[in-house]
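K.L.:
no letters, just coordinates:
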């Protein structure tokens, strides 16, 4: 299931919230292991508790271009990104009322969450991560646009940029602390145009002829 919501809090507050949401929860990381001492003809399995695995990563064409792809999401860097700065670049135009970004939350079915988190089937965790990346790649391809205004004619145009920056943060519990495998895909309000300039995402805008542009 996918739910979409704007990141309403400040850049610093959002970065802290999403990365620390589960620090005090204690659902262990477990994997289903085959017992080495099983008798011939028997297949015995047991749950083995493991050290916590990294649950964050950068994803998207912008992450790839900036050398961030697959690297863990650090709070200070996430704060800068949500505030409109990417490494040594800053958004060319930034409205003071603009959103910091969007939270695309992908939630696995309850049965998958139980098998992955309580049953320790790590294959389902991998499948969940792959599915999230697959969906984000299509969002990036189909929805990323930058809006440009001709300084002479004041005419507005929209450019399909095909690049976004996602901070993937995978959680394993719901707010009620029940097992729930879900990933917050924090989508920064930025993209690069064809000239390599960092711009805010185009807001949704309906042009003449019924063509809808913008994110």
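P.N.:
Thanks, I have it. Just so we're clear, the structure is a prediction, and the values are computed from it rather than from any experiment.

K.L.:
show me what contacts residue 5?
P.N.:
Applying C-beta atoms under 8 Å, 6 or more residues apart in numbering, we find residue 5 in contact with 102-103, 105. For every residue, glycine as well, the C-beta is placed using N, CA and C.

K.L.:
for residue 201, same thing?
P.N.:
Residue 201 sits in contact with 144-146, 189-191, 214-215, where contact means C-beta under 8 Å, 6+ apart.

K.L.:
one more: residue 99?
P.N.:
Taking C-beta under 8 Å, 6+ apart as the definition of contact, the neighbours of residue 99 are 6-8, 189.

K.L.:
6 Å - rerun?
P.N.:
With contacts defined as C-beta atoms under 6 Å, 6 or more residues apart in numbering, the neighbours of residue 99 are 6, 189.

K.L.:
so it, which state does it fall into?
P.N.:
Assigned state for residue 99: coil (three-state reduction, DSSP: H, G, I helix; E, B strand; the rest coil).

K.L.:
and the least confident of the contacts of residue 201?
P.N.:
In terms of pLDDT, the lowest of the contacts of residue 201 is residue 215, showing 67.

K.L.:
could you pull out the helices in the chain for me?
P.N.:
Shown for the chain, the helices assigned by DSSP state H span residues 11-20, 61-65, 75-82, 110-113, 122-143.

K.L.:
touching the second one from outside, list them.
P.N.:
Pointing back at helix 61-65 there. For helix 61-65, the surrounding residues in contact (C-beta under 6 Å, 6+ apart) are 69, 163, 165.

K.L.:
contact partners for the first one?
P.N.:
Just to be clear, that refers to residue 69. Counted by C-beta under 6 Å, 6+ apart, residue 69 has contacts residue 63.

K.L.:
quick one: it from residue 139, how far?
P.N.:
Between residue 69 and residue 139 the distance, using C-beta to C-beta, to the nearest Å, works out to 16 Å.

K.L.:
check the second one too.
P.N.:
According to C-beta to C-beta, residue 163 and residue 139 sit 11 Å apart.

K.L.:
thinking again about what came up before, can you pick the most crowded of the contacts of residue 5?
P.N.:
Highest neighbour count within those, by other C-beta atoms under 10 Å: residue 102, with 21 neighbours.

K.L.:
ok, the residue lying closest to residue 163 once chain neighbours are set aside - how many residues close by?
P.N.:
Setting aside the residues directly before and after it, residue 163 is nearest to residue 61 in space (C-beta to C-beta, 6 or more residues apart in numbering), at 3.6 Å. With neighbours defined by other C-beta under 10 Å, the count for residue 61 comes to 20.

K.L.:
what's the closest non-adjacent residue to the residue positioned nearest the centre of the chain?
P.N.:
In the chain, the residue lying closest to the centroid (C-alpha atoms, centre = their mean) is residue 185, at 1.9 Å. Closest residue to residue 185 apart from its sequence neighbours, by C-beta to C-beta, 6+ apart: residue 104 at 4.2 Å.

K.L.:
between the contacts of residue 5, which is closest to residue 77?
P.N.:
Closest approach between these and residue 77, by C-beta to C-beta: residue 103, at 17.3 Å.
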